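Colleague: generate a structure from the sequence data that follows.
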Amino acid sequence: MADIDFEHAYEGTPPWDIGRPQAAIARLFEAGRVRGEVLDVGCGTGEHALLAAARGLPSWGVDASATAIARARTKAFERTLPARFEVGDALDLGALGMQFESVIDTGLFHVFDDASREAYVRSLGTAVRPGGRVWVLCFSDRVPPIQDGPRRVSEAEIRASFDAGWLVERIEPTEFEVNPPFEAFAAWLATISKRQSS
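Modeller: Now for the predicted structure:
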């Protein structure tokens with residue numbers, strides 16, 4: 001995994017915590033593409049799980065940062081939304097003991113090195129029900145890397161990571177929004193479904 005201290009990052013406001021859903025993910029909800037039970041993995045302060053809850057969908061958020069989860073729970077309380085937030089390991093989603101129809105990943109996939117990425121995809125396999133979908137919003141290789149920034153990801157890497165047991169339905173160019181002084185980064189939004197058991 002990339003050398004990012006997420007707990008330390010949430011001592012302030014990290015660049016990716018924009019206080020609202022990413023526009024690319026909000027459009028999925030507006031189009032009615034996100035259905036059923038929703039898991040926001042690497043949820044941070046919970047905006048996407050809260051968006052799901054506001055639309056009447058059962059929703060969970062999981063993040064390794066206890067500080068981020070505490071903030072997400074506060075938002076849920078203040079907005080009177082029933083989203084559930086737990087401190088958890090994205091590489092061990094099976095520990096949740098649940099499977100979801102929809103899983104949202106905004107900015108997590110691109111922090112993993114190769115070995116962790118393989119473990120992450122296996123972990124997702126335990127949390128997504130057959131026929132369910134994962135949406136991955138990650139930094140794209142269409143822009144050069146920045147010092148200490150997340151790894152850039154190619155379309156080919158996404159397809160290779162989700163080769164066995166998954167179907168990559170589409171990969172669309174979009175933007176990953178961040179707080180000033182940074183500008184939005186070129187990104188991919190991948191729609192990936194878990195194959196039905198044969």
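Colleague: for the closest residue to residue 140 other than its chain neighbours, which residues are in contact?
Modeller: Counting by Cβ to Cβ, 6 or more residues apart in numbering, residue 140 lies nearest to residue 186, which is 4.4 Å off, once chain neighbours are set aside. All C-beta atoms are positioned from the backbone trio N, CA, C, and that covers glycine. For residue 186, the contacting residues are 139, 140, 142, 143, 173, 175, 176, by Cβ atoms under 8 Å, 6 or more residues apart in numbering.
Colleague: list the buried residues of the helix or strand of the chain with the lowest mean pLDDT.
Modeller: When the helices and strands of the chain are scored by mean pLDDT, DSSP states H and E, helix 6-9 comes last with a mean of 79. Residues 6, 9 are the ones in helix 6-9 that count as buried (16 or more other Cβ atoms under 10 Å).
Colleague: which residues are contacting it?
Modeller: With contact meaning Cβ under 8 Å, 6+ apart, helix 6-9 is reached by 14, 63, 64, 65, 66, 67, 68.
Colleague: tell me the first helix or strand C-terminal of that helix.
Modeller: helix 23-30 (DSSP states H and E).
Colleague: just how off-centre is that following helix within its chain?
Modeller: 13 Å (Cα atoms, centre = their mean, to the nearest Å).
Colleague: repeat for stretch 105-121
Modeller: That offset, for stretch 105-121, works out to 10 Å (Cα atoms, centre = their mean).
Colleague: before we move on, back to that, filter the contacts of helix 6-9 to the buried ones?
Modeller: Using 16+ other Cβ under 10 Å as the burial test, the contacts of helix 6-9 include 14, 63, 64, 65, 67, 68 as buried.
Colleague: can you tell me which two in these are farthest apart?
Modeller: 14 and 64 (13.2 Å; Cβ to Cβ).
Colleague: helix/strand/coil for the most centrally placed residue in the chain?
Modeller: For the chain, the residue sitting closest to the mean C-alpha position, by Cα atoms, centre = their mean, is residue 105 at 1.3 Å. With DSSP: H, G, I helix; E, B strand; the rest coil as the basis, the three-state label of residue 105 is strand.
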